[in-house]
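1. Below is the sequence, then the predicted model.
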Amino acid sequence: MEQVEAKPPQTQSQGTPPAIGPTIDIVSKSVAAFAIVLYCCGYLITSIHHSSYGFIETSPFRPRIASAGAWFLLFAAIPIALVTWIKGFEGKSVNHGQWLRRLSTRLFFYGIFSFAFGTVLQGVFDFHAEDRAKDSIWALIIPPLILVACMILVILDQVERFPKAIAPIASIIFVGFFLVSGYREVFLYHRTADGAVTYWFLAAGGLIASWMWVFRQSGSRILEPGSWPMVVSFAISALVLFGSSYYPHIKSSWGGGAPVPITIFFTKDSTIMPNQSVSALLVDESDTGLYVVGKNDKKATFIPRSAVGLVYYSDDISGFSFAKPK
């Protein structure tokens with residue numbers, strides 16, 4: 001009879017641990033999905049922005065597309081995180097849980113954090129000092145007064161004999177003030193001064209909280225197949241608002257769509273203004289030319305690179321000079 005030699009069992013260290021393979025697969029798929037979402041959001045936002053100037057960017061591979069998508073995802077993640085965090089207080093059983101579960105407290109805290117994020121992110125927007133000069137002195141005094149008064153009422157809401165209806169009304173007035181002022185900035189004045197960024201977080205947070213409440217009351221989940229039409233409509237509405245009202249005012253140095261002031265020096269063979277210079281706002285540029293607008297222009301003008309001899313990135317050429325070699 002033939003003897004069969006027994007092979008020694010393979011140890012687990014000779015191969016990849018079985019838990020690492022699925023983990024790597026999940027991480028790679030998550031990164032790929034995030035990159036696709038980032039690119040799609042950025043491409044739609046830049047397309048909406050460029051279409052407002054009358055042209056569509058033809059190059060699909062631009063760094064600005066990634067930055068536009070990143071800004072939108074950041075602006076979408078902040079209200080989602082705030083709403084999720086504040087709604088988490090509903091299940092708290094600590095001593096102060098009852099106070100944190102009150103509508104007035106949660107609404108006040110969400111308004112405070114929205115105002116804080118709006119103030120911090122205000123620095124990335126192209127904000128002109130003359131816009132603030134147009135506001136009255138009351139627009140600078142009333143918000144701090146409302147904030148202090150609402151804070152006092154929310155603190156007094158812990159007292160048992162304090163009327164329970166006053167604090168919620170004060171919180172609603174506090175949030176409503178920033179909603180109204182932000183609405184005026186975005187849709188009437190078309191600028192991102194003061195409460196415009198706060199308005200985004202307040203409006204988005206209110207819609208997300210209402211959306212979560214509807215799904216909880218109906219007993220369904222947000223990611224169920226029947227909920228996709230609502231998810232897609234909400235995402236498209238947010239993309240359109242961000243691409244048309246917020247992204248055009250983010251500074252170009254931060255990867256936004258705010259126009260850059262330049263001075264163009266035309267060549268002698270240019271069909272327009274040969275051997276002359278003109279100040280304009282640079283909306284975008286490609287390998288073939290520049291998309292620029294004048295100070296009062298609504299639509300962009302395309303200037304071929306063959307007609308451009310020099311571009312000075314400033315609207316003031318009084319201090320223009322070349323660095324002299326040492």
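-> All right, it came through fine.
2. Now do the SS call for the most centrally placed residue in the chain.
-> Among the residues of the chain, the one closest to the centroid is Phe75, at 3.4 Å (Cα atoms, centre = their mean). Classification of Phe75 using DSSP: H, G, I helix; E, B strand; the rest coil returns helix.
3. what's the host helix or strand of Gly69 in contact with?
-> Take DSSP states H and E as the rule and Gly69 turns out to sit in helix 63-87. For helix 63-87, the external contacting residues (Cβ atoms under 8 Å, 6 or more residues apart in numbering) are 37-43, 45-46, 49, 106, 109-110, 113-114, 117, 200-201, 204-205, 208-209, 212, 238-239, 242-243, 246-247, 250, 254-257, 284. C-beta here means a position set from N, CA and C on the backbone, and glycine is covered the same way.
4. Mind checking which of those residues land in strands?
-> If you go by DSSP state E, the contacts of helix 63-87 have Asp284 in strands.
5. which among the contacts of helix 63-87 end up buried?
-> 38-39, 41-43, 45-46, 49, 106, 109-110, 113-114, 117, 200-201, 204-205, 208-209, 238-239, 242-243, 246-247, 250, 255-257, 284 (16 or more other Cβ atoms under 10 Å).
6. picking up where we left off before, show me what counts as buried in the helix holding Gly69.
-> 64-69, 71-72, 75-76, 78-79, 82-83, 86-87.
7. all helices for the chain, in order.
-> Ranges of helices in the chain, per DSSP state H, are 20-51, 63-87, 97-100, 103-121, 129-133, 138-156, 166-183, 196-218, 228-241.
8. so Gly257 makes contact with Ser244?
-> No. Judged on Cβ atoms under 8 Å, Gly257 makes no contact with Ser244 at a distance of 10.3 Å.
9. any residues in contact with both of the two?
-> Joint contacts of Gly257 and Ser244 (Cβ under 8 Å, 6+ apart) are His49.
10. what about Leu241, neighbour count?
-> Counted with other Cβ atoms under 10 Å, residues neighbouring Leu241 total 17.
11. Tell me which residues touch it, please.
-> Trp200.
12. Now do it, the pLDDT please.
-> We have a pLDDT of 92 for Leu241.
13. And for Tyr312?
-> Per-residue pLDDT puts Tyr312 at 87.
14. coming back round to it: any idea how far the residue nearest to the centre of the chain is from Gly205?
-> 11 Å (Cβ to Cβ, to the nearest Å).
15. Return stretch 169-188 as PDB; C-alpha atoms alone will do.
-> Below are the C-alpha coordinates for stretch 169-188, written out as PDB (Å, rounded to 0.1, in the frame of the first residue of the first chain):
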ATOM      1  CA  ILE A 169     -40.900  82.100  21.500                       C
ATOM      2  CA  ALA A 170     -37.600  83.900  22.200                       C
ATOM      3  CA  SER A 171     -35.600  81.100  20.500                       C
ATOM      4  CA  ILE A 172     -37.900  81.200  17.500                       C
ATOM      5  CA  ILE A 173     -37.500  85.000  17.200                       C
ATOM      6  CA  PHE A 174     -33.700  84.600  17.500                       C
ATOM      7  CA  VAL A 175     -33.600  82.000  14.700                       C
ATOM      8  CA  GLY A 176     -36.200  83.800  12.700                       C
ATOM      9  CA  PHE A 177     -34.200  87.000  12.700                       C
ATOM     10  CA  PHE A 178     -31.200  85.400  11.100                       C
ATOM     11  CA  LEU A 179     -33.400  83.600   8.600                       C
ATOM     12  CA  VAL A 180     -35.000  86.800   7.500                       C
ATOM     13  CA  SER A 181     -31.800  88.800   7.400                       C
ATOM     14  CA  GLY A 182     -30.000  86.000   5.600                       C
ATOM     15  CA  TYR A 183     -32.800  85.600   3.100                       C
ATOM     16  CA  ARG A 184     -32.500  89.300   2.200                       C
ATOM     17  CA  GLU A 185     -28.700  89.000   1.700                       C
ATOM     18  CA  VAL A 186     -29.000  85.900  -0.500                       C
ATOM     19  CA  PHE A 187     -32.100  86.600  -2.600                       C
ATOM     20  CA  LEU A 188     -32.500  90.400  -2.600                       C
END
